[in-house]
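Asker: sequence-free structure coming up:
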């Protein structure tokens, strides 16, 4: 059995390939080692993945691709946590960017962009990713991400900058106060996921001028800051992965066209494409 995971800061998708060829999918909270210690990851899996852990004795290989897994020390946090639950498995941990590149580019050259809770970009040369100077996280970066839009919505609401009707709707949905925001942003383990949760409101007000202006601003900032930092950006396709890219694909395509960016795949969850790539590679 092979288990593949695609983990962001908000959620982790798991896909288990059974010997019969059947695939079982599971979902847990995000397992970002920048925000979670080894013990916290183990606790989350014990609480949320009991059905998956039941297969532990038969799982031979685990391929985990996750946000925050871009350095050896972060790899170790996730590897050690998984080893406690799957002691008989070979475990490979890599960044979510590499997983996204496998799922979208395959063996072709191109750019892979993440637009989910956070945002990032890499260039894939057909074998390896070449990360740039991006991925600075929700405090300094994450342009065009759920976190970026969540921050914009919260600050516009708290500063009284939202159009009145939209502000009333936002208040009715979330009932947030300055105190609630400060507590969740500065005193909890997943502030980026908290901020990104508000980006769902954009779907509700999508047709409004306010939402369209905000979407255009955030997506343009992502392209200007991330994609255009590569001189050859117009030579290759830019693939996009994540909920923001998928839900707002029409707005994304429009902004790409305005900036001579050529979008390729736009997928919400790379897990199935990622499993296909891993199985093909292992068979080869």
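Answerer: Looks like it came in fine. This is a predicted model, so every value here is computed, not measured.
Asker: For my notes, confirm residue 126 occurs in a strand.
Answerer: No. According to DSSP: H, G, I helix; E, B strand; the rest coil, residue 126 belongs to no strand; its state is coil.
Asker: where's it relative to residue 105, distance?
Answerer: 7 Å (CB to CB, to the nearest Å). (Glycine included, C-beta is placed from N, CA and C.)
Asker: Show me which of these two is the more surrounded one.
Answerer: Remark: of residue 126 and residue 105, residue 105 carries more neighbours, 24 against 11, as counted by other CB atoms under 10 Å.
Asker: Which pLDDT value belongs to the closest residue in space to the more buried one that isn't next to it in sequence?
Answerer: Distances taken as CB to CB, 6 or more residues apart in numbering place residue 124 nearest to residue 105, at 4.6 Å, with adjacent residues excluded. Here the pLDDT value assigned to residue 124 is 93.
Asker: Next: residue 269.
Answerer: Residue 269 is given a pLDDT of 87.
Asker: Likewise for the one 10 residues further on?
Answerer: The predicted local distance difference test score for residue 279 is 90.
Asker: buried sites along the helix or strand containing it?
Answerer: Assigned by DSSP states H and E, residue 279 falls within helix 271-283. Neighbour-count burial for helix 271-283, counted by 16 or more other CB atoms under 10 Å, picks out 271, 272, 273, 274, 275, 277, 278.
Asker: Now tell me what touches it from outside.
Answerer: Contact with helix 271-283 is made by 2, 4-6, 13-15, 17, 23, 25, 61, 63, 65, 99, 102-104, 106, 267, as judged by CB atoms under 8 Å, 6 or more residues apart in numbering.
Asker: and if you look at stretch 246-261?
Answerer: So stretch 246-261 is contacted by 115, 202-203, 206, 212, 215-216, 219-220, 223-224, 227-228, 233-234, 238, 240, 245, 262-263, 266-268 (CB under 8 Å, 6+ apart).
Asker: how far does it sit from the chain's center?
Answerer: Chain-centre distance of stretch 246-261: 18 Å, with CA atoms, centre = their mean, to the nearest Å.
Asker: again, but for stretch 16-33
Answerer: So, by CA atoms, centre = their mean, the centroid of stretch 16-33 is 16 Å from its chain's centroid.
Asker: where along the stretch 151-284 of the chain do the strands fall?
Answerer: 237-241, 262-267 (DSSP state E, counting those that start in this stretch).
Asker: Okay, helices next: where are they in this protein?
Answerer: 38-48, 50-53, 72-85, 96-104, 137-140, 146-158, 164-174, 178-186, 191-196, 201-204, 209-225, 243-247, 249-258, 271-283 (DSSP state H).
Asker: ok so, going back, determine which of the strands of the stretch 151-284 of the chain approaches residue 78 most closely.
Answerer: Residue 78 lies closest, by CB to CB, to one member of the strands of the stretch 151-284 of the chain: strand 237-241, at 19.4 Å.
Asker: hmm, back to that, could the helices of the chain be laid out in TSV, adding distance to residue 32?
Answerer: Output for the helices of the chain, formatted as TSV (distance: least, CB to CB, whole Å):
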stretch	distance to residue 32
helix 38-48	9
helix 50-53	19
helix 72-85	9
helix 96-104	9
helix 137-140	10
helix 146-158	12
helix 164-174	23
helix 178-186	16
helix 191-196	8
helix 201-204	23
helix 209-225	20
helix 243-247	16
helix 249-258	24
helix 271-283	17
